[in-house]
Structures are given as C-alpha cells and as structure tokens.
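**Student:** predicted model and sequence follow; I will ask about them next.
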There are 2 protein chains.
Amino acid sequence: MSVVWLNGSLLDESEARLQITDRGFTLADGVFETIRAVGAKPLWLPGHLQRLKAGADQIGLSIPFKEDVIENAIAQLLDSASSATSAIRLTVTRGPVAARGLWPSKQAFCPTCVLTIAPASAPSAQDFVICKITRRNEYSPLSRIKSLNYGDNILARQEAHERNAGDALMLNTAGNIACATVGNAFFLIAGRWKTSSLTDGILAGLARRRFIKELDAVETPLSVKAIMTSEMAFVCNSLGATPIRSIEGHALPAEFKASSMSSIYSL
Amino acid sequence: MSVVWLNGSLLDESEARLQITDRGFTLADGVFETIRAVGAKPLWLPGHLQRLKAGADQIGLSIPFKEDVIENAIAQLLDSASSATSAIRLTVTRGPVAARGLWPSKQAFCPTCVLTIAPASAPSAQDFVICKITRRNEYSPLSRIKSLNYGDNILARQEAHERNAGDALMLNTAGNIACATVGNAFFLIAGRWKTSSLTDGILAGLARRRFIKELDAVETPLSVKAIMTSEMAFVCNSLGATPIRSIEGHALPAEFKASSMSSIYSL
C-alpha cells in the first residue's frame, strides 16, 4: 500500500480515513495542487504553494499547515517513492463540520490537509474532441483556481472517451476555446503559438506560464475556427505536455515534440 | 453522537469513515439529495429517489443500492431522530479509486452511499443580495442536477454574509436571475407569481414544481430589473420556504407567509 500524509501524520493509505462530514466530500469545499517530482525533488514547489494559497484565499479557506511543514511532508512521501517520477497531490478542504447547511453560522472550521503520491509517466499524443456536453464558466472565479469542483471536466473527459478520443478541449460560455480537462492548450496558428487568455475561464497553469515564455506565445481568445487551422498543438500541465494528434477527427499537419521542451520540466 | 448509514451499515458517526481516495472528496464526483422528514415519515421520497437516479445517470454513476434498501436505511435513521422534523442527506459518489487521474482507464468503480440525519427547523425571512462574485453556468448539465459541485453556491453565500444579508440570488451567465444558493426563487410581479425557467441554470426543485402548481406561477427568464419590482418573494427547497424580506437593501412591500403554504410541506 501507498504511504500518505494526513493532517500531520504519515500513514499507510489503508489507515488514512476522512470523516463523512468533511466539506471537501459533501460540498467540494476545497482546493488542490498536483506536483511533479523527479526522484526526491519536487518541481516548481514554490509556485504550487503560492497558487494553493491564492486559491484558498479566494474561497476564504485557511491552509492549516505552514509551508515548511508541507515541504517536509512532501519530502517524507518522496522518500517512499518507488518510481523515478511521481505525481504528488496536495488537497486542502474546509474539513469536517458538526452542523449541516451551506455555511453553518458560528461554525469554527478545522481544515483537512492530505498529501498522496503516485507514479507519474510521460504523457503520450492523444486525439481530441471539442466538448459538446458542457462549458467552462468564465464568470466564476473557480474557473481560475484549482478547486475541487471538477464535475464539468469529468463530463468532458467522459464525452471524449465515448467519442473514441483521449481528451476534450472545453469551450467557455462565449464559445471560445478555454482549455483541456486537465491542462492548458497551445496552438501553432500561421506560424505563431497561441493560448487562451486568463479571462477565458482557465487555470493559470504553472507549465502554461513557462511555455508562453519559451514559445513567445500570444494570450488571446481563440475560436474553434481558428484552432482548426493549427499546424501543431499540445496540452500542458504540471506533470507534462501532451501532443494533440487530431481535433474532431482532423489530423494536425505536424506533431508537437514534447521532448524538445524537456528543459521546461527539468529541475 | 449521530447515527449514520454508510454502504449498508448503520454506524455511530464517529465510526463512519471514508477513504481519502474517494472521488467525492477528490473531484466532487457524485450527487446528493436533502430530504425533509416529519417524525418517522420522509417527504416526497419517490421524487427524491427519482431525481437522484436522473442526476447519477447524467454523470454516468450507478447507485449501489436498490430503492428499498435506501428507503429502509432512511427508516432506520428516522428511528433514531430526536427532533420532530429532520433533514436527511443522501449522498452517492463514484467511490474510492486506486489510480490517480480524472478518468483512470480500466478502473472499476465501487460507489459510496452515505445517509446522515440532522434536526431541521423552519426557515425564517431573510435579506437577500444579488451575487456579484460568481454566476450559475446554464451551459452545464450540472446546473440542473444536484451534484456535489457546490463551490459557486458557497462563494455566493459567503458574499451574502459579508454584505450583511442572509442569502444571495445568483445570476446565470446571461445575467438573468437563476436561483438562491440552496433553493429556487419565486417573485410576485404585477400580480403574477414568476420563477426562472429550467433552462436558466437551475435545479428542478421538488418544492418548485409544487409551488408552480399551487400559485399558478409562470416559468420565464427574469431580469434583475423585473424582480426589483416584486411585491412579495420567497425561496423554496425540500426543507421549506424562506420569505425574501429585502433584495439589495430594498424592502419588499409585503412578506410572503410561508405558513399559508403549509399544505405543500405536509405529508
């Protein structure tokens, strides 16, 4: 079994348990980060902790441990890691509550903090569809933080699989391209790399920021029509870059070589 | 401590625990119902079970127990009830998973089913604001089912409290009135009761359906301007009707008497 860290304790996963009144479970009231690690070294950790804090601030949630405690917990998990590269998930919720309701009055919250670790493998090229069943909500601040509210993204991924694709590009309510289900999307259009703007209902990805710099990419609203003329495209998150092989059955002229960007994910 | 029902077992709440990999906790991957009970009798139970099933179908989730098992579990919880009226929460999630990721391939899911009970009291009149921080996403099917993705509603309720109100009315992305944070809203405008349409990004409330019939209410998109001319207004859910005393500081001319509608919530 895997080792996990729960509220200050390193435990075997079989012993780590949550209360059924945890607001992460009942109301998706929390935030998380997914962190790549190579060997014993986590990648972009200051950026992840900063974003976790910003997301928690947005929903009025206090992170119950100081950064050095979380860093130490990550180091302990990585000590137990069996694979060369790992994905660490750091989740903070508003914790268990005695009273029911959306926002119980006079309730003191006792947040839950969980860290888990799993082997991570390099992503491979995928066929993409454009999600029809749902859209990203650029009117919600949750579209810009990594909250637990992943229901729409799950629907989009399910649709992709039902349509024999690996993943889906999601539109926002304006009908522009937002992102994929677990990453930001980049498109090479007429010789210039482009990616959606932060106001289009997307997470400010840590990999996104680096790719924008590396590729001198333009942040701009992107129509479906525009991305269908892409020469190359990929999706990126903190774990890696996934080349987009096709969009809605249209094969892209060239495949993005994620390996050419390996410096971005190096320590 | 409270008695709860978890995956077939009646337990003391202190003994009921979830795995940290439960997708209800990690990704808000589930649905729920809140059911009113008077004494040992649950209200509108067939309607709740039908809606739970429809919501679960929408997200491709199998409810792991037959209706008679859930009905029996509710009866067991109500046997332990200490108050005259209770709120029963029935939650079904996609359950714990060994593999990480949005939709692990070749993963067999083992859904989690939880029932909890708490005392319910009659709602009292509240001052309402119109939520500024976020909007309901009428482009998402999740806006029409009772999924665990309650993050936007929590933001709206927090905003209401920060602005010294009891609750908030939420707009959809088109800028029309959708609903309150935990209920559908009705407005008496120029002598006619009106409520938002199902396509406006709202849950098809069980109380809503009954009030539409009782008040001969019109289902129609409602602008902010229109509702600011309301003579009376209220919010309803399965637990009761909350009179709206004021909207954005403007007192309504008359207060809705929830007691005049007591037949709706009677058995």
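**Tutor:** Happy to help now that I have it. Residues are numbered from 1 along each chain as shown, chains lettered A, B, ... in the order given.

**Student:** how about the helices in chain A?
**Tutor:** Applying DSSP state H to chain A gives helices spanning A:23-27, A:45-58, A:67-79, A:151-162, A:206-215, A:224-227.

**Student:** pull out the buried positions in the fourth one.
**Tutor:** In this case it means helix A:151-162. Buried residues in helix A:151-162, counting neighbours by 16 or more other CB atoms under 10 Å in any protein chain shown, are found at A:151, A:152, A:153, A:154, A:155, A:156, A:157, A:158, A:159, A:160. Quick note: C-beta positions are derived from backbone N, CA and C, even for glycine.

**Student:** next, the distance between the ends of stretch A:55-73.
**Tutor:** The straight-line separation of the ends of stretch A:55-73 (CA to CA, to the nearest Å) is 20 Å.

**Student:** distance between that stretch and the chain's centre?
**Tutor:** In terms of CA atoms, centre = their mean, to the nearest Å, the centre of stretch A:55-73 is set 17 Å apart from its chain centre.

**Student:** what pLDDT, on average, does that stretch get?
**Tutor:** Regarding stretch A:55-73, the rounded mean pLDDT is 97.

**Student:** reformat the helices of chain A as TSV; add distance to residue A:109.
**Tutor:** Output for these, formatted as TSV (distance: least, CB to CB, whole Å):
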stretch	distance to residue A:109
helix A:23-27	8
helix A:45-58	12
helix A:67-79	18
helix A:151-162	23
helix A:206-215	28
helix A:224-227	42
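
**Student:** ok, and what's touching stretch A:216-234?
**Tutor:** Residues outside stretch A:216-234 that contact it (CB atoms under 8 Å, 6 or more residues apart in numbering or on different chains): A:130, A:169, A:171, A:174-177, A:185-198, A:200, A:211-212, A:241-244, A:247-248, A:250, A:252-256, A:258.

**Student:** now the end-to-end length of it.
**Tutor:** Note: stretch A:216-234 ends 15 Å apart using CA to CA.

**Student:** related to what we said a few turns ago, most packed of the helices of chain A?
**Tutor:** Of all those, helix A:23-27 has the most neighbours on average by mean count of other CB atoms under 10 Å in any protein chain shown, namely a mean of 27.

**Student:** which residue lies nearest the spatial centre of chain A?
**Tutor:** For chain A, the residue whose C-alpha lies nearest the mean C-alpha position (CA atoms, centre = their mean) is residue A:182; its distance is 5.1 Å.

**Student:** state the pLDDT value of that residue.
**Tutor:** Looking at residue A:182, its pLDDT stands at 97.

**Student:** same check on residue A:103?
**Tutor:** Taking residue A:103 on its own, its pLDDT is 89.

**Student:** one more: residue A:266?
**Tutor:** Each residue has a pLDDT score; the one for residue A:266 is 85.

**Student:** rewinding a little: out of the helices of chain A, flag the one nearest residue B:12.
**Tutor:** Taking CB to CB, helix A:23-27 is the member of those nearest to residue B:12, at 18.0 Å.

**Student:** for the closest one, packing partners?
**Tutor:** strand A:85-93, helix B:23-27, strand B:85-93 (3 or more CB pairs under 8 Å, 6 or more residues apart in numbering or on different chains; DSSP states H and E).

**Student:** just those: most buried one?
**Tutor:** Of those, the one with the most neighbours on average (mean count of other CB under 10 Å) is helix B:23-27, at a mean of 27.

**Student:** roughly how far out does it sit from the chain middle?
**Tutor:** Chain-centre distance of helix B:23-27: 19 Å, with CA atoms, centre = their mean.

**Student:** again with stretch A:252-263
**Tutor:** A distance of 21 Å separates the centroid of the chain from that of stretch A:252-263, by CA atoms, centre = their mean.

**Student:** kindly report the same for stretch A:42-60.
**Tutor:** Counting by CA atoms, centre = their mean, stretch A:42-60 comes out at 12 Å from the chain centroid.

**Student:** give me the contact list for that stretch.
**Tutor:** Applying CB under 8 Å, 6+ apart, the contact partners of stretch A:42-60 are A:29-33, A:35-37, A:62-63, A:67, A:70-71, A:74, A:78, A:88, A:90, A:92, A:141-142, A:145-147, A:204, A:206, A:238, A:265, A:267, B:151, B:154-155, B:158.

**Student:** so the residue nearest to the centre of chain A makes contact with residue B:27?
**Tutor:** No: with contact defined as CB atoms under 8 Å, residue A:182 does not reach residue B:27; the gap is 10.6 Å.

**Student:** what touches both of the two?
**Tutor:** Listed contacts common to residue A:182 and residue B:27 are residue B:102; contacts here mean CB under 8 Å, 6+ apart.

**Student:** show me the contacts for residue A:129.
**Tutor:** A:159, A:160, A:163, A:165, A:168, A:169, A:247, A:248.

**Student:** if I look at it, how far off is chain B?
**Tutor:** Counting by CB to the nearest CB, to the nearest Å, the gap from residue A:129 to chain B is 14 Å.

**Student:** what's the first-to-last distance across stretch A:104-111?
**Tutor:** This stretch, stretch A:104-111, spans 15 Å end to end (CA to CA).

**Student:** looking at the helices of chain A, which is closest to residue A:119?
**Tutor:** Among the helices of chain A, helix A:67-79 sits nearest to residue A:119 (CB to CB), with 12.1 Å.

**Student:** quick one: is the closest one near chain B?
**Tutor:** No: residues of helix A:67-79 are not located near chain B by CB under 8 Å from any CB of the partner chain, the shortest gap being 13.1 Å.

**Student:** distance between stretch A:150-166 and the chain's centre?
**Tutor:** Centre-to-centre, stretch A:150-166 and its host chain are 15 Å apart (CA atoms, centre = their mean).

**Student:** typo on my end, stretch A:191-210
**Tutor:** Distance of stretch A:191-210 from the chain centroid (CA atoms, centre = their mean) equals 13 Å.

**Student:** how about the contacts made by residue A:146?
**Tutor:** Contacts for residue A:146 were tallied using CB under 8 Å, 6+ apart; they are A:31, A:32, A:33, A:51, A:52, A:55, A:203.

**Student:** around chain B, pick out the residues from the stretch 151-267 of chain A.
**Tutor:** A:151, A:152, A:153, A:154, A:155, A:157, A:158, A:161, A:173, A:181, A:182.

**Student:** same thing but at 6 Å, please
**Tutor:** By the rule CB under 6 Å from any CB of the partner chain, the part of the stretch 151-267 of chain A lying against chain B is A:151, A:152, A:154, A:157, A:158, A:173, A:181, A:182.

**Student:** is residue A:119 bridged to anything, and to what?
**Tutor:** Going by DSSP bridges, residue A:119 is paired in beta bridges with residue A:86.

**Student:** mind putting the helices and strands packed on helix A:23-27 into JSON lines with mean pLDDT?
**Tutor:** Formatted as JSON lines, those follow (pLDDT from 0 to 100):
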{"stretch": "strand A:85-93", "mean pLDDT": "97"}
{"stretch": "helix B:23-27", "mean pLDDT": "98"}
{"stretch": "strand B:85-93", "mean pLDDT": "97"}
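
**Student:** out of the ones you listed, the one nearest residue B:13 is which?
**Tutor:** strand B:85-93 (12.3 Å).

**Student:** which other helices and strands does the closest one contact?
**Tutor:** Secondary-structure packing of strand B:85-93 (3 or more CB pairs under 6 Å, 6 or more residues apart in numbering or on different chains; DSSP states H and E): strand B:30-38, strand B:112-119.

**Student:** residues in contact with residue A:32?
**Tutor:** Residues near residue A:32 by CB atoms under 6 Å, 6 or more residues apart in numbering or on different chains: A:91, A:146.
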